[in-house]
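**Student:** Predicted model, plus sequence, below.
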Amino acid sequence: MTSTETFYHYIQSYNWDDISRQIQSQTKRDVELALANPKRTITDFMALVSPAATSYLEQMAQEAHHLTLERFGNVIQLYIPLYLSNYCHNACAYCGFNAKNDIHRKVLSLSEIDKEIAAIGKLGYKHILLVSGDFPKKTDANYYTKVAERIRPYFSQIALEVQPLETEEYARLHQTGVGFICIYQETYNEKNYRNYHLAGKKADYRYRLETPDRIGSANIQKIGIGGLLGLEDWRTESFFVALHLKYLEKKYWRTKYSISLPRLRPAAGAFTPKSPISDREMVQLICAYRLLDKEIDISLSTRESQAFRDNVLPLGITSMSAGSSTEPGGYATNNSELEQFSINDNRTPEEFAKSLKEKGYEAVWKDWDSWM
């Protein structure tokens, strides 16, 4: 592969339907070979997410726990999302910010952001994730740069989860202190991608898919990827997420990586998941990712319930949010009509940190300083 080629070129040699059939045809012997392999491959991952692996879940969970302790210890990185805007020109069938949804729209001004930062500061966070809908007329790279410059003195890590940008824009954001960019493909099934992304720039499958390449080229310290669980078959989706991860790790080897596991939650528009993933299947997926790669961060947000998050905590999770708001201006004021989706774990950061301590874990409020 040449330096000008991207993951879009790489993925062309894989067929979604063929991968689905291969996953379904995995045997218990394939699973046992995968579990016995100390350096697991993408083929091993295929076995670990297959139906054949369900009877090995306890063994997978034990090793996932061991690998996580070995690499990360008994710590959970805490972060908090700050929604900057719910304006969006995309028409994503599953999202509360869908341009066609009749909701009140808002973009935070710098003075309103100051109030949010003051409220977040009282919660103890030093790791913030800036989130926004895709509406360049109001929230473009210049806006994000101003926000990052404004809040930089208050946080050791600034992460960004917004629309895809150009390489030079990522490089400029990096200079302002942004060290972590999250971009989720939602689904790697190119054939069905347009069924969910009906209008707007996000309907461009290739442009979105190539975004992590642009981020890597800008020398951002950390990249987060993932698929939206519920759109397509989770086993096949997770295979392509893992394939993307391994491609990125090889090409941009100086960069750290994170995988998120967003499961569809209720939102304006009442979208019904086509292929829901059960709690037990989520456990299998978390373990499979950890067994594939002991170095990656695995993040689980407040989309999930308190009980589920507590139960999967030892199985590979390294990063969690707590006390989250999914609406612009949701910390200084309460505007639930602006939210992207409803959260499921309503514990305050203090309550969540206390719960972690009771389970033998330490809540880490600060990851690294931006200068590092």
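**Tutor:** That came through fine.
**Student:** Flag the shaky bits of the stretch 1-150 of the chain, pLDDT-wise.
**Tutor:** 1-3 (pLDDT under 70).
**Student:** ok, now which ones touch the closest residue to P314 other than its chain neighbours?
**Tutor:** Leaving aside its chain neighbours, P314 sits nearest to H65 (4.9 Å; criterion: CB to CB, 6 or more residues apart in numbering). For the C-beta atoms, the positions are set from N, CA and C on the backbone; glycine is no exception. H65 sits next to 314-316 when contact means CB atoms under 8 Å, 6 or more residues apart in numbering.
**Student:** Roughly how far does H65 sit from Q284?
**Tutor:** 14 Å (CB to CB, to the nearest Å).
**Student:** before we move on, back to that, just the buried residues of the contacts of H65.
**Tutor:** Buried members of the contacts of H65, counted by 16 or more other CB atoms under 10 Å: 314-316.
**Student:** Tabulate the residues you listed (a markdown table), appending secondary structure and distance to I80.
**Tutor:** Shown next, in a markdown table, are the buried ones among the contacts of H65 (DSSP: H, G, I helix; E, B strand; the rest coil; distance: CB to CB, whole Å):
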| residue | secondary structure | distance to I80 |
| --- | --- | --- |
| P314 | helix | 23 |
| L315 | helix | 23 |
| G316 | coil | 22 |
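**Student:** so E63 touches A288, yeah?
**Tutor:** No: contact criterion CB atoms under 8 Å: E63 and A288 do not qualify, at 10.7 Å.
**Student:** And the two? Which one has more around it.
**Tutor:** A288 (27 against 18; other CB atoms under 10 Å).
**Student:** Which strand or helix spans that one?
**Tutor:** Using DSSP states H and E, A288 maps to helix 279-292.
**Student:** list the buried ones in that helix?
**Tutor:** Neighbour count says helix 279-292 has 281-292 buried, by 16+ other CB under 10 Å.
**Student:** just the strands in the chain please.
**Tutor:** In the chain, the strands defined using DSSP state E lie at 75-85, 127-132, 157-161, 178-182, 222-225, 256-260, 297-300, 319-321, 362-364.
**Student:** now the second one, how far from the centre of its chain.
**Tutor:** The offset between the C-alpha centroid of strand 127-132 and the centroid of the whole chain comes to 12 Å, using CA atoms, centre = their mean, to the nearest Å.
**Student:** what's stretch 193-206 in contact with?
**Tutor:** Under CB under 8 Å, 6+ apart, the answer for stretch 193-206 is 8, 88-94, 99, 134, 163-164, 186-187, 190, 207-208, 231.
**Student:** Output it as CSV - backbone C-alpha positions only.
**Tutor:** Presented in CSV, the C-alpha positions along stretch 193-206 are these (Å, rounded to 0.1, in the frame of the first residue of the first chain):
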residue,chain,number,x,y,z
TYR,A,193,-24.8,3.0,4.6
ARG,A,194,-27.1,5.4,2.7
ASN,A,195,-30.2,3.7,4.3
TYR,A,196,-29.2,5.4,7.5
HIS,A,197,-27.5,8.6,6.2
LEU,A,198,-30.1,10.1,4.0
ALA,A,199,-28.7,13.6,3.4
GLY,A,200,-25.8,15.9,4.3
LYS,A,201,-22.1,15.4,4.2
LYS,A,202,-22.3,12.4,6.4
ALA,A,203,-23.9,10.5,3.5
ASP,A,204,-20.5,10.4,1.9
TYR,A,205,-19.3,7.0,3.1
ARG,A,206,-15.8,7.2,1.7
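**Student:** residues in contact with the residue nearest to R214 when sequence neighbours are not counted?
**Tutor:** Of all residues not flanking R214 in the chain, T167 sits nearest, at 4.4 Å (CB to CB, 6+ apart). Contact analysis of T167 by CB under 8 Å, 6+ apart lists 214-215, 217-218.
**Student:** related to what we said a few turns ago, among the contacts of stretch 193-206, name the buried ones.
**Tutor:** Applying 16+ other CB under 10 Å to those flags 88-92, 94, 99, 134, 163-164, 186-187, 208, 231 as buried.
**Student:** Would you map the helices across the stretch 51-200 of the chain?
**Tutor:** 57-72, 110-121, 141-151, 167-175, 190-196 (DSSP state H, counting those that start in this stretch).
**Student:** Number of residues surrounding the closest residue to N37 other than its chain neighbours?
**Tutor:** Closest residue to N37 apart from its sequence neighbours, by CB to CB, 6+ apart: D44 at 5.5 Å. D44 has 20 neighbours, counted by other CB under 10 Å.
**Student:** rewinding a little: can I get the helices of the stretch 51-200 of the chain in a markdown table with distance to D18?
**Tutor:** As requested, these are exported to a markdown table (distance: least, CB to CB, whole Å):
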| stretch | distance to D18 |
| --- | --- |
| helix 57-72 | 25 |
| helix 110-121 | 46 |
| helix 141-151 | 38 |
| helix 167-175 | 32 |
| helix 190-196 | 13 |
